[in-house]
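Visitor: Let me see the structure of the following:
(one chain, ligands or ions: 3)
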Amino acid sequence: MNSAPLFAQQVSSRLEIPDMGIWPITAQIKRARLVDGDLIVDWDDQKSSRFLALWLREQCPCTICHSDITRETLIDITDIPMDIQAMECRLDEMGYLLVTWSDQGHASRYHPGWLRANCYDDWARAERGHTRPTWGCDFTVPEFDATGIIENDDHLYEWLTALDSYGLTRLQNVPLEHGRVAHLAERIGKIRSTNFGTVFDVVSKPDADSNAYLSVELPLHMDLPTRETPPGLQFLHCIENAADGGESRFADAYHAAKILKEEAPDIFRIVTTVDYCFQNRAVDCDYRASGPLIKLDSRGEPIESRINTFLTAPFTHLPHEEVKAALEAKHYLMRLLNEDRMRVQFKMAPGDMVAFDNRRALHARTEFFPNTGHRYLEGCYLDRDDLGSRLRMLERAKTIAKDATR
Ligand code: OGA
Ligand code: ZN
Ligand code: ZN
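Guide: Ligands and ions are numbered 1, 2, ... in the order given. I've put the predicted structure just below:
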């Protein structure tokens, strides 16, 4: 079958099926063929994609298989025979792929942009599997203007892209008013409240229920390792920082993982596999959770850390012979994180806000001296999911805008 440049111009990124997705046409289907009941799509840029019949049938976008109201699947997927085969395939005049299945002659129609975006060949997985860059002491923290972020979605997108990649960003010109931290966080999504409130004040106070609310030095840590899923993002807005001390410090737990893997593989194995325990006991709550200090994904890349030395609970689940190695590994990791090569440090000025990935960019504060001046930060948390969702929504809006001008 010849490629048909005519339909290449006609087909829109938007699916004519119940799917909110926007699928830019980055390549056209030149030819579709059947091999052992699977489907092979040959693209006009010399690449090919092989789709397992069962995979493709499960994704059928027709309105029997999917509700065009909810955009969710309607069929019981176990009704699809495991040995389903594609009986026939061809392209329609728009360049969509039409498939007829051995499953009672069911017919499916697939958008070429969707097929290309979702194919899973070795080359496609390699293109998509990006690893986030890690950072040490020579990192220049990306800075953004808060006014632009409030007013303009392109600025918001730039900020969120940096936050997603590096897990640490800095905003300037945040007005010195209460509620501004929430206002900025809500550009992303819903604030995650905790036992410390929806928005929390970081000030030294006599009835402190966290070390953060004393004036002592806070070692590198993440907040709320005591939760099954600790908040993914943290925002701290500096309203006053007149006291001596009170500098902010950060270190990238993903960078530490990379170094450990090379320099101390035995330590790496322990901190990525042993569960460490955390607790937060207060008058009105008693939270506990455990997990590896650094958690890896199925590719062996770090996806989160659970590190905090002032909310440590005792190990109660390890046999005596393993406790020493687990504690030594934690010391090793903490010493590494505190090395100069890992450290990013600055003093926040009033109007600054730091936004960081709480499960990746560990934060610390040097001691401050309340008798020398006021120090006051306002903070809140969000989940990582909301960052991912907002980024995808902004990308969707960009694609729609681009599509409309074609
Ligand atoms: C916190 C915290 C840092 C600071 O509130 O969890 O780490 O600079 N605060 O006071
Ligand atoms: Zn269907
Ligand atoms: Zn903290």
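Visitor: need the contact list for residue 33.
Guide: Residues near residue 33 by Cβ atoms under 8 Å, 6 or more residues apart in numbering: 39, 40, 42, 89. Just so you know, the C-beta spots here come from the backbone N, C-alpha and C atoms, and that holds for glycine as well.
Visitor: For these, pick the one with the most neighbours.
Guide: Most neighbours among the contacts of residue 33, by other Cβ atoms under 10 Å: residue 39, with 23 neighbours.
Visitor: Would you mind giving the domain segments of the chain?
Guide: Structurally, the chain divides into domains by automatic domain parsing as follows: 7-127, 143-392.
Visitor: JSON lines please, covering those and showing distance to ligand 2 and mean pLDDT.
Guide: Conversion of the domains of the chain to JSON lines gives the following (distance: least, Cβ to the ion, whole Å; pLDDT from 0 to 100):
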{"stretch": "domain 7-127", "distance to ligand 2": "3", "mean pLDDT": "88"}
{"stretch": "domain 143-392", "distance to ligand 2": "25", "mean pLDDT": "96"}
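Visitor: Identify the farthest-apart pair in the contacts of residue 33.
Guide: Of all pairs drawn from the contacts of residue 33, the widest gap by Cβ to Cβ lies between 42 and 89 and measures 11.7 Å.
Visitor: Kindly point out which residues are neighbours of both of those two.
Guide: Each of 32, 33 lies in contact with both residue 42 and residue 89 under the rule Cβ under 8 Å, 6+ apart.
Visitor: Mind jotting down where the strands sit in the stretch 1-150 of the chain?
Guide: In the stretch 1-150 of the chain, strands defined by DSSP state E, counting those that start in this stretch lie at 29-35, 38-43, 48-51, 86-91, 97-101, 107-110, 143-145, listed in chain order.
Visitor: right, and those strands - which one's nearest ligand 1?
Guide: Shortest separation from ligand 1 across these is recorded for strand 143-145, at 17.9 Å, computed as Cβ to the nearest ligand atom.
Visitor: Show me what that closest one is packed against.
Guide: Judged by 3 or more Cβ pairs under 8 Å, 6 or more residues apart in numbering; DSSP states H and E, strand 143-145 is in contact with helix 153-166, strand 168-172.
Visitor: okay if I get those as JSON lines plus mean neighbour count and distance to residue 58?
Guide: JSON lines is the format used below for the helices and strands packed on strand 143-145 (neighbours: other Cβ atoms under 10 Å; distance: least, Cβ to Cβ, whole Å):
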{"stretch": "helix 153-166", "mean neighbour count": "18", "distance to residue 58": "29"}
{"stretch": "strand 168-172", "mean neighbour count": "20", "distance to residue 58": "39"}
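Visitor: May I see those organised as TSV, with distance to residue 48 added?
Guide: Compiled in TSV, those are given as follows (distance: least, Cβ to Cβ, whole Å):
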stretch	distance to residue 48
helix 153-166	31
strand 168-172	40
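Visitor: With respect to residue 244, which of the ones you listed lies nearest?
Guide: Nearest to residue 244, of all these, is strand 168-172, at 21.7 Å by Cβ to Cβ.
Visitor: can you tell if that closest one touches ligand 1?
Guide: No: Strand 168-172 stays out of contact with ligand 1 when judged by Cβ under 6 Å from any ligand atom, the minimum separation being 13.2 Å.
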